[in-house]
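**Student:** Quick one, what's the 3D model for this:
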Amino acid sequence: MKRTEQGFTLVELMIIVAIVAILTGVALPAYQDYTVRSKVSEVILAMSPCRTSVTEVYQSGGAPPGEGNWGCEDATGSRYVTAVDTSADGNVLVTIRNVHSVVNGKVVTMTPLIGADTPAQSAADMGKTLYGWRCGAAADGTDVDSRFLPGSCRGA
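**Tutor:** The predicted structure is shown next:
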């Protein structure tokens, strides 16, 4: 008897199912982290108007505007942002919503720097040019796990 057509054996099918299950088990968590990180990237973009506003106020000098008065505290720009707050020194704090249960209600911060690692102080540094910004540092109040932050916002 000649066998011209032959299907897969039960063992071969079980091996294929096992391989697919392992790949799914590895890929699914990585994909979930990716989707959370992409939504948190939009949260970081919602902080951009504050970065611009605070930088302009520091460079123009004059009296510091005070907590919540830097002119950028509008949270209507993103569906992933509950609130945008500013401190007296111009630190920007954003509260996250509608992203994922691991980051909802958590805070991401951006801090203006007058030197490489020196946060700006509105009482002493008005009228000076900012060195840059630090984003996502736990020392500044960020409580989001760094794996969910974009690479440019991991506290460095």
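
**Student:** tell me the contacts of residue 122?
**Tutor:** 58, 64, 88, 89, 90 (Cβ atoms under 8 Å, 6 or more residues apart in numbering). All C-beta atoms are positioned from the backbone trio N, CA, C, and that covers glycine.

**Student:** so the fourth one makes contact with residue 112?
**Tutor:** What that stands for is residue 89. Yes. With contact defined as Cβ atoms under 8 Å, residue 89 reaches residue 112; the gap is 7.3 Å.

**Student:** who has more neighbours, the two?
**Tutor:** More crowded of residue 89 and residue 112, by other Cβ atoms under 10 Å: residue 112, with 24 against 20.

**Student:** three-state assignment of that one?
**Tutor:** For residue 112, the secondary structure call by DSSP: H, G, I helix; E, B strand; the rest coil comes out as strand.

**Student:** which residues does it bridge with?
**Tutor:** Note on residue 112: beta-bridge partners residue 133, judged by DSSP bridges.

**Student:** I'd say it and residue 88 touch.
**Tutor:** No. At 11.9 Å, residue 112 does not count as touching residue 88 under the criterion of Cβ under 8 Å.

**Student:** Overlap of the contact sets of the two?
**Tutor:** Here residue 112 and residue 88 have no joint contacts, going by Cβ under 8 Å, 6+ apart.

**Student:** shared neighbours of residue 89 and residue 112, which are they?
**Tutor:** 119, 120.

**Student:** which residues of this protein score low on pLDDT?
**Tutor:** Within the chain, the segments meeting pLDDT under 70 span 1-5, 75, 156.

**Student:** for it, longest helix please?
**Tutor:** In the chain, assigned by DSSP state H, the helix with the most residues is helix 10-46.

**Student:** so how far is that helix from its chain's centroid?
**Tutor:** 20 Å (Cα atoms, centre = their mean, to the nearest Å).

**Student:** Just the buried residues of it, please?
**Tutor:** 36, 37, 39, 40, 41, 42, 43, 44, 46 (16 or more other Cβ atoms under 10 Å).
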